[in-house]
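> the following comprises the amino acid sequence and a computationally predicted model.
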Amino acid sequence: MQGECLCGNVQFEIDGEIPNLYQCHCSLCRKATGAAANAATFVPGNSFRWVSGQDEIRSYQKPSGYQTDFCSVCGSPVPNILRSTGMVWVPAGLLNGLTTSRVSVHLHTTSAALWEDESVDCIRFDGGPDSLESLNKLL
């Protein structure tokens, strides 16, 4: 499996099957992604390889130990090595191609954004709206 950031500068490969995914709903993950939850997985370090762009990666770490790595060009969160675990955290949105992996665990649901549960009743489009004006009418 291959993956890359939004601009394509940071690229990586993973050998073998991608494990199932988890979604974390904690406030740190929401802020790091700008989304309702962070979808990711962990893979063994010996099955993970950087292809390009390691020099573009920057890190931010809170005093608590929470760390996020990101592409310095496009800002996409990118994989990071989990301290001394031998595992690599991989954001699911960076994976190219098809995977049979599914979200199998939701974490920190008690701190989920209040507006997240509302999304099941929302209008859904197969693609984007015709215009921002048409979208504003729905908001």
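Happy to help now that I have it.
> which residue ranges form the helices in the chain?
For the chain, the helices defined by DSSP state H occupy 27-33, 132-138.
> centre of the chain to the last one, how far?
Meaning helix 132-138. Taking C-alpha atoms, centre = their mean, to the nearest Å, one finds helix 132-138 lying 28 Å from the centre of the chain it belongs to.
> what helices and strands are in contact with it?
Packing partners of helix 132-138 (3 or more C-beta pairs under 8 Å, 6 or more residues apart in numbering; DSSP states H and E): none among the helices and strands. Glycine gets a C-beta too; all of them are placed from N, C-alpha and C.
> export it as PDB, just CAs?
Extracted in PDB, the C-alpha atoms of helix 132-138 (Å, rounded to 0.1, in the frame of the first residue of the first chain):
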ATOM      1  CA  LEU A 132     -21.400  28.100  -2.900                       C
ATOM      2  CA  GLU A 133     -24.600  29.900  -3.400                       C
ATOM      3  CA  SER A 134     -26.600  26.700  -3.600                       C
ATOM      4  CA  LEU A 135     -24.800  25.300  -0.600                       C
ATOM      5  CA  ASN A 136     -25.500  28.400   1.400                       C
ATOM      6  CA  LYS A 137     -29.200  27.900   0.700                       C
ATOM      7  CA  LEU A 138     -29.000  24.500   2.400                       C
END
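> only the buried residues of it, if you could.
Within helix 132-138, no residue counts as buried by 16 or more other C-beta atoms under 10 Å.
> what's next to it, contact-wise?
123, 129 (C-beta atoms under 8 Å, 6 or more residues apart in numbering).
> in the chain, where is pLDDT below threshold?
By pLDDT under 70, the weakly predicted segments of the chain are 117-120, 137.
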